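Visitor: using only what follows, build the 3D model:
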Amino acid sequence: MPSIRLLVFTLLLAGALAAGSPAHAQQSPDDLADALLEEVGAAYGERYVQPAVNALGADLNSGFFHKATVGGGLLPLVDVYAGVKAFGTLVPEEERTLSLSYQTRQEVEYDEGETYDADVTYEIDEAPTIFGEQEPGQATGTATFQADGQEQTKDVSLDLPPGLYEVPAVPLGTPQVGVGVPMIGTHVSVRYLPRIGYGGFGSVQFAGGGVRHDVSSYIPLLPFGLSAYGFYQTLSIEGDQAGEGLDLSADLSAYALGVSASKSLLVATVYGGLQYERTTAEVAYSFDPPEIGAQSVAFDLTGENSFRALVGVSVGLGPAVLNVDLSQGQRTVLSAGLGVSL
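Guide: Numbers count the residues shown, from 1 in each chain. Okay, here's the model as predicted:
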């Protein structure tokens with residue numbers, strides 16, 4: 001499950017960043033942690049994680065069907081499918097970096113260890129996101145404060161995490177089973193993975209399902225199959241980095257509504273569709289290192305993909321079915337499936 005581990009790593013790292021990062025400005029750990037958490041922790045964490053939510057949301061909302069009709073298989077009264085679906089969402093170049101500007105007030109050291117309250121403006125310019133270059137980014141800024149009766153300035157900087165996965169596409173895979181009843185033109189599909197532990201990275205659980213209804217019978221002499229469908233899925237993450245003092249919970253949900261059409265040609269079926277979709281993620285974490293003390297951050301994210309068009313082809317060889325499709329919306333997704341259809 002490389003993609004699920006990717007999301008776990010991403011969220012854990014964003015939590016660690018929001019609670020504190022190393023600095024080059026001689027700030028104390030308490031001052032640095034407070035400034036990051038209160039002023040930029042959530043904002044930076046959101047931008048760092050957003051590309052992963054976009055990609056995984058686009059993956060989740062893919063590969064629901066390989067034909068529009070219900071029935072026509074080896075069994076006369078039911079339409080059964082069991083297989084594995086795999087998806088890959090291309091990562092746009094603009095999602096490999098992030099830029100952010102923010103102001104805060106914090107203590108800085110000046111003049112032989114004396115500390116002063118300072119107004120600081122930080123600039124983050126094209127720092128890596130989760131899918132960026134595996135080189136650390138940096139936030140640079142200028143602190144302005146009063147010392148010795150005069151206004152003083154001092155350059156400050158913060159190290160930022162590097163990208164974790166500099167990959168062209170984000171993969172995801174899941175088993176899918178479904179049963180349809182041709183008499184009523186309805187097919188129900190289920191995707192499910194039980195909660196799986198990943199040692200020090202916590203655990204994940206995935207579940208989803210949907211309904212597809214064949215509307216071809218309502219339209220006489222229609223030369224192709226036509227159906228409407230809806231799917232809903234959830235991905236739950238619980239992380240506990242005991243050695244780092246970090247507890248994490250994240251709930252990602254995705255739903256899709258669409259129409260599909262297909263045309264059978266000998267052993268191949270050409271299919272396509274139009275789909276509206278939405279992905280949301282709720283992230284909450286607490287960080288409790290001994291030198292800083294307990295800190296908590298929570299934020300919500302929404303995936304950027306909202307609409308797509310797709311086209312694909314499936315090939316049946318006896319009960320075996322192989323399908324491949326390409327969809328285009330705000331993200332480009334390649335989907336494939338291999339299973340048994342009866």
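Visitor: tell me where the protein has helices.
Guide: In the chain, the segments counted as helices under DSSP state H are 2-19, 29-35, 42-60.
Visitor: which residues touch the residue nearest to the spatial centre of the chain?
Guide: Using Cα atoms, centre = their mean, the residue of the chain that lies closest to the mean C-alpha position is residue 53, 2.1 Å off. Shown in contact with residue 53 (Cβ atoms under 8 Å, 6 or more residues apart in numbering): 252, 279, 281, 301, 302, 303. In this view, the C-beta of every residue, glycine as well, is placed from N, C-alpha and C.
Visitor: mind checking which of those are in strands?
Guide: Using DSSP state E, the members of the contacts of residue 53 that fall within strands are 252, 279, 281, 301, 302.
Visitor: the fourth one against residue 283, yeah?
Guide: Yes. Using Cβ atoms under 8 Å as the test, residue 301 is close enough to residue 283 to be in contact (6.9 Å).
Visitor: pick out whichever of the two has more residues nearby.
Guide: Legend: neighbour count by other Cβ atoms under 10 Å for residue 301 and residue 283, higher for residue 283 (24 against 21).
Visitor: for residue 158, see how far away the more buried one is.
Guide: To residue 158, residue 283 is 21 Å away according to Cβ to Cβ, to the nearest Å.
Visitor: before we move on, what about residue 85?
Guide: Residue 85 is 41 Å from residue 158, by Cβ to Cβ.
Visitor: then residue 210?
Guide: 45 Å.
Visitor: over to residue 46?
Guide: According to Cβ to Cβ, residue 46 and residue 158 sit 17 Å apart.
Visitor: neighbour-wise, which of those two wins?
Guide: Each of residue 46 and residue 158 has its neighbours counted (other Cβ under 10 Å); residue 158 has more, 24 against 20.
Visitor: thought the more buried one was touching residue 122?
Guide: Yes. At 7.1 Å, residue 158 and residue 122 qualify as touching, with contact defined as Cβ under 8 Å.
Visitor: what do those two both touch?
Guide: Listed as contacting both residue 158 and residue 122 by Cβ under 8 Å, 6+ apart are residue 139.
Visitor: can you give me the first-to-last residue distance of stretch 71-82?
Guide: Stretch 71-82 has an end-to-end distance of 14 Å (Cα to Cα, to the nearest Å).
Visitor: what's it in contact with?
Guide: Residues outside stretch 71-82 that contact it (Cβ under 8 Å, 6+ apart) are 70, 175-183, 187, 189, 214, 264, 319, 321, 339-342.
Visitor: and those residues, which are buried?
Guide: The neighbour count (16 or more other Cβ atoms under 10 Å) marks 70, 176-178, 180, 182, 187, 189, 214, 264, 321, 339, 341 as buried among the contacts of stretch 71-82.
Visitor: which two among these are spaced furthest apart?
Guide: 177 and 264 (22.3 Å; Cβ to Cβ).
Visitor: do I have it right that residue 117 meets residue 110?
Guide: No. Using Cβ under 8 Å, residue 117 is not in contact with residue 110; the gap is 11.1 Å.
Visitor: hey, what's in contact with both of the two?
Guide: By the contact definition Cβ under 8 Å, 6+ apart, residue 117 and residue 110 are jointly contacted by residue 145.
Visitor: the more surrounded of those two?
Guide: Using other Cβ under 10 Å as the criterion, residue 117 and residue 110 rank with residue 110 on top: 18 against 11.
Visitor: start to end distance for stretch 73-80?
Guide: End-to-end distance of stretch 73-80 (Cα to Cα): 8 Å.
Visitor: only the buried residues of that stretch, if you could.
Guide: Within stretch 73-80, the residues scored as buried using 16+ other Cβ under 10 Å are 73, 78, 79, 80.
Visitor: which of the residues you listed sit farthest apart?
Guide: Farthest apart among those by Cβ to Cβ are 73 and 78. That separation is 8.1 Å.
Visitor: contacting residues around residue 137?
Guide: Going by Cβ under 8 Å, 6+ apart, residue 137 touches 124, 126, 127, 128, 159, 160, 161, 162.
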